[in-house]
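Fold the following and give me the result.
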Amino acid sequence: MSVTHPLPPGCEPACHGCRHRSLDAAASLAQKSTYLARVLAPWGERIAPIEAPEPSRRLGYRDRVTLSARWSEVSGWRFGLMRRDELIAIHDCPVHSARVRALVGLLVERLPPATTLPLAYLHVCGAQATLIVKARNVGTHGLAGLAEGLPVTGLEGCWLHQHPAAGRRLFARSGWQLLWGEPRSRDVHGLLHGTPFENTARAYLENLKVQEAVYRSDADGRRVELERFDPLERPVTAKFPGTTHHVQTKEETS
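As a prediction, this is how the structure comes out:
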């Protein structure tokens, strides 16, 4: 790709992750609008203008990433995207959140070599991170220094996932070990995140219940708002004066 605009600090020229980075905000929006108008032509009259984020929010927002990891005696650990058989390191990617960049920096500094930890991938989902190793049994004795540095990254939990067949399918049912911190975190929307595998099961079901409670409306069109929620309790709706319903647990209404 020909880059016609200066790249922000930390942006790796060889990286192919962001297709619009050579465009300014206006050109990027114009290209996206043209694409939508073409692929959604039968519904063109219903397409609303794209609502672009503030310029300050175009960088540092990506808080969910999966990066390949490679080790060499010369360079140590490197994290980034694969292009054929080459890893393109993006340790300081300006699109990644400060939390992701801080974690990658810490891993580069404190992870033991691949002979001790055969790390293949790093997965970050908000305040939860997972180190995916292609092995069945890996000792954690060499990870004490990493655990000591994790609190300053902004993470709340870090997992070790031992998955010998990790590749196209990153996650398996077994082989999970919490290395440090809390097993689950809530994002800014109140949705629960734990291990990636759990996110497809228990946490996913709970999040559906939360969203149902928040967005359900009654016959009069009044919005239901979630006041508190216990995933082990069935939410019940109680009516109060005004124009909203508040969802409470059984314990609150007993």
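
only C-alpha atoms for contact and neighbour calcs from this point on.
Will do.

can you pull the pLDDT of the residue nearest to His163 when sequence neighbours are not counted?
Among residues not flanking His163 along the chain, Lys134 sits closest, at 5.2 Å (Cα to Cα, 6 or more residues apart in numbering). In this model, Lys134 is scored at 95, pLDDT.

One more: the one 5 residues further on?
Listed pLDDT for Gly139 reads 86.

For it, I want the exact helix or strand it lies within.
Under the criterion of DSSP states H and E, Gly139 resides outside all helices and strands.

Give me the distance between it and Pro118.
11 Å (Cα to Cα, to the nearest Å).

Mind checking which of these two has more residues around it?
Using other Cα atoms under 10 Å, the more surrounded residue of Gly139 and Pro118 is Pro118, with 20 against 8.

is it true that that one touches Asn137?
No - Pro118 lies out of contact with Asn137 (Cα atoms under 8 Å); the separation is 10.5 Å.

remind me which residues of the stretch 51-200 of the chain are low pLDDT?
Scanning the stretch 51-200 of the chain for pLDDT under 70 picks out the ranges 196-200.

My guess is Cys158 contacts Ile132. True?
No - counting by Cα under 8 Å, Cys158 stays clear of Ile132, with 10.9 Å between them.

so how many other residues sit close to Leu111?
For Leu111, using other Cα under 10 Å, the count is 18.

ok, it - contacts?
Applying Cα atoms under 8 Å, 6 or more residues apart in numbering to Leu111 gives the contacts 77, 117, 142-143, 146.

In strands, which of these appear?
In this view, those that belong to strands under DSSP state E are Trp77.

Which residue is the nearest non-sequential neighbour of the spatially most central residue of the chain?
Compute the mean C-alpha point of the chain, and by Cα atoms, centre = their mean the closest residue is Arg64, 2.1 Å away. Distances taken as Cα to Cα, 6+ apart put Cys125 closest to Arg64, at 4.4 Å, once the chain neighbours are dropped.

Equivalent analysis for Cys158, please.
Nearest non-adjacent residue to Cys158, counting by Cα to Cα, 6+ apart: Ala129, 4.7 Å away.

Quick check on the one you found: phi, psi?
phi -130, psi 150 (degrees, to the nearest 10).

beta partners for it?
Counting by DSSP bridges, Ala129 is bridged to Val124, Cys158.

ok, now which ones touch it?
Going by Cα under 8 Å, 6+ apart, the list of residues near Ala129 reads 122-123, 155, 157-159.

which one of the residues you listed has the most neighbours?
Cys158 leads those on contacts (other Cα under 10 Å) with 25 neighbours.
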